[in-house]
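S.K.: after the sequence you'll find the predicted model.
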Amino acid sequence: MLFYFGGHYTAMGVHSIQQGMVSVHRMMNGALDASGRPPGSVSLVAVTKTQPAEAIMEAVRYGQLHFGESYLQEALPKQEALKDHGDIIWHFIGPIQSNKTRQLAERFHWIHSLDRLKIAERLNDQRPSGMERLNVCIQVNISGETSKSGVKPSDVAALADQIEQLPQLRLRGLMAVPQAPDGVHAPQAAFRALRQLKEALLPIPLDTLSMGMSLDFESAILEGATLIRVGSLIFGARQSAV
């Protein structure tokens with residue numbers, strides 16, 4: 001399997017979850033050092049789409065607590081299997097359907113893929129009153145791809161202002177899935193544009209840039225990512241869907 005590291009593709013065999021995590025953290029720290037940012041200023045969200053609950057539990061044993069899921073129907077049985085591990089922080093990173101918002105509001109700590117006021121209002125209304133506010137990020141279609149979800153950059157400020165009025169949501173920042181690296185260029189410009197968009201939203205107090213995946217997270221860190229979403233470098237090839 002080929003991975004995109006340091007501006008080029010290279011082969012890397014990940015033989016265990018522990019080795020994968022060690023490797024990812026080493027790369028994270030290298031990118032932080034290169035960008036002059038302090039250790040610990042980026043958090044790793046381990047993407048567990050198609051991975052079994054046992055893989056999540058193994059990662060927990062090595063200190064990983066943030067996990068990202070893309071499909072509610074796949075996430076719920078894993079959450080049930082791991083319900084005794086209350087330290088796990090669940091991130092939803094996939095497209096949001098209106099008929100799934102109640103369970104998303106009840107079962108997740110973070111939603112990264114918010115792109116419509118209607119969905120924000122449903123999540124706000126359905127977040128149980130006894131729970132902490134739901135952390136949300138606005139997904140931005142930063143590369144302008146017709147196949148991608150997300151808000152146009154020009155529409156982000158208006159949506160951010162509307163979300164700020166919803167008492168059960170806490171707007172943390174922006175998320176993007178830029179166009180994949182082409183073997184020569186990492187999506188550096190797209191990451192930079194997302195950072196600049198976040199900075200332009202002041203005085204809204206945003207603290208999160210969710211950007212960067214297995215192929216490009218080093219570039220994302222160089223541009224200010226605070227959450228990176230990495231799956232295959234930790235868990236290897238995807239398993240059959242749960």
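M.R.: Ah, there it is. Numbers count the residues shown, from 1 in each chain.

S.K.: what about residue 148, how many residues nearby?
M.R.: Neighbour count of residue 148, defined by other CB atoms under 10 Å: 15. Glycine gets a C-beta too; all of them are placed from N, C-alpha and C.

S.K.: give me phi/psi at it?
M.R.: Dihedral angles of residue 148 (phi, psi; degrees, to the nearest 10) stand at phi -100, psi 150.

S.K.: give me the helices and strands touching the helix or strand harbouring residue 58, please.
M.R.: Element membership for residue 58, per DSSP states H and E: helix 53-61. Using 3 or more CB pairs under 8 Å, 6 or more residues apart in numbering; DSSP states H and E as the contact criterion, the secondary-structure elements in contact with helix 53-61 are helix 17-35, helix 72-81, helix 232-235.

S.K.: would you map the strands across this structure?
M.R.: If you assign secondary structure with DSSP state E, the strands in the chain sit at 2-5, 8-11, 43-47, 66-69, 89-92, 110-114, 134-139, 169-175, 208-210, 227-230.

S.K.: who's in contact with residue 116?
M.R.: Remark: with contacts taken as CB atoms under 8 Å, 6 or more residues apart in numbering, residue 116 is in contact with residue 159.

S.K.: do you know the pLDDT at it?
M.R.: The score at residue 116 is 97. That number is its pLDDT.

S.K.: repeat that for residue 5.
M.R.: Predicted confidence (pLDDT) for residue 5: 37.

S.K.: again, but for residue 8
M.R.: pLDDT at residue 8 comes out at 34.

S.K.: residue 62 too?
M.R.: Note on residue 62: pLDDT of 95.

S.K.: over to the one 10 residues further on?
M.R.: If you check residue 72, the pLDDT there is 98.

S.K.: cool, and the one 3 residues further on?
M.R.: The confidence metric pLDDT takes the value 98 at residue 75.

S.K.: count of neighbours near residue 44?
M.R.: For residue 44, the neighbour count with other CB under 10 Å is 21.

S.K.: that one reaches residue 68, doesn't it?
M.R.: No - counting by CB atoms under 8 Å, residue 44 stays clear of residue 68, with 9.8 Å between them.

S.K.: related to what we said a few turns ago, looking at the strands of the chain, which is closest to residue 163?
M.R.: For residue 163, the closest of the strands of the chain is strand 169-175, at 4.8 Å, according to CB to CB.

S.K.: what does that closest one contact?
M.R.: Looking at what lies outside strand 169-175 - CB under 8 Å, 6+ apart - the contacts are 93, 110, 112-113, 120, 123-124, 127, 133-140, 156, 160, 163-164, 194, 197-198, 204, 206-211, 226.

S.K.: of those, just the buried ones, ChimeraX syntax please.
M.R.: The ChimeraX command for the buried members of the contacts of strand 169-175 (criterion: 16 or more other CB atoms under 10 Å) is given here:
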select :93,110,112,113,120,123,124,127,134,135,136,137,138,139,140,156,160,163,194,197,198,206,208,209,210,211,226
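
S.K.: hmm, back to that, report the angle between the helix holding residue 58 and strand 43-47.
M.R.: Put simply, helix 53-61 runs at 160 degrees to strand 43-47, going by axes from the mean of the first three to the mean of the last three CA atoms, to 10 degrees.
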